[in-house]
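Peer 1: Provide a 3D model corresponding to the input given below.
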Amino acid sequence: MINNTNKVAVIFGVRNDSSIAYNVALKLHQSGCKITLSYVADTKDEVMYLMKKLGMDTRFAMEVDVRNEAQITAFLQTVHDGLGPIDYILHGVAFGNQQVMCYTLPGSKEEPSTYINIPFEDFMDSFNISAYSLLRVARVAEPLLAPNASILTLTYNASQRVFPQYAGMAINKAALENIVLYLASYFRGKKIRVNAISAGLVMTTSAGVISGARTLRKMGKFTAPLGNIDAGDVGDTALYYFSDLSKKVTGNIHYVDGGFNIMGVAVDGE
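Peer 2: Predicted coordinates for the structure are as follows:
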């Protein structure tokens, strides 16, 4: 029902076909959007394969480290010059090493930090990638955006509640949500909207190595009123924000978690 023919979208954060960002790209592609994806060195082959599989134009895909403003600039300028003003941007990038996440990754022999001892440099690198990069992307994109453009990012309820396994990443998500609010106000004059989707736990490649992720999925199955979600549910919601249906919605933190966020205690529905 949503027609995005001739709209231009840029997606940061696709890793593979289990990524939430990929499912957003898929829904945009199905709606007629012209899409290009960024990648990092170890995801290039997978991202290019997925783009070719869907029949997407790969000419404008580019390696981008979101810590590097020059790379973001080169990428977005290339998209703008080749496809036209950018209508939609998805910021779907996040990273925290085991010192930030405070648990040992599978196969690692390194002792993780405790929350109170998260190393500053590790945290700041994580913050740079996971939160500040949204500000950086928005800054670079500002002169390249189409009228009434939409910027969307992905957050998680650990910004508001304690999930011990998420540790330092929760700080990043709280900061990310605050950046959304201030960008929404900043862009008021240009009618550019900035929103975030707070997704429930999806078993992506990254989530699969988080300590306790499978336990949280089991909890979500009976605690969330509508049960667990999948990446496609997030893609469906993103499509609303990447359409004229949301033209008067900005600064919103939109939960797509089956209602998990409203619950104070686990409820066994059996």
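
Peer 1: Pro225 versus Gly200, what's the distance?
Peer 2: The gap separating Gly200 from Pro225 is 12 Å, by C-beta to C-beta, to the nearest Å. Every residue, glycine included, has its C-beta placed from N, CA and C.

Peer 1: all strands of the stretch 101-250 of the chain, in order?
Peer 2: Shown for the stretch 101-250 of the chain, the strands assigned by DSSP state E, counting those that start in this stretch span residues 145-155, 193-199.

Peer 1: what packs against the last one?
Peer 2: Applying 3 or more C-beta pairs under 8 Å, 6 or more residues apart in numbering; DSSP states H and E, we find strand 193-199 packed against strand 145-155, helix 167-186, helix 231-241, strand 253-256.

Peer 1: now the angle from it to helix 231-241?
Peer 2: Relative orientation of strand 193-199 versus helix 231-241 (axes from the mean of the first three to the mean of the last three C-alpha atoms, to 10 degrees): 160 degrees.

Peer 1: strand 193-199 pairs with which strands?
Peer 2: Within its sheet, strand 193-199 is paired with strand 145-155 (parallel), strand 253-256 (parallel), according to DSSP bridges.

Peer 1: mind checking the pLDDT average for it?
Peer 2: Per-residue pLDDT values across strand 193-199 average out to 97.

Peer 1: so for that strand, what gets flagged as buried?
Peer 2: Buried residues in strand 193-199, counted by 16 or more other C-beta atoms under 10 Å: 193-199.

Peer 1: report the distance from stretch 87-95 to the chain centre.
Peer 2: Relative to its chain's centre, stretch 87-95 lies at 5 Å (C-alpha atoms, centre = their mean, to the nearest Å).
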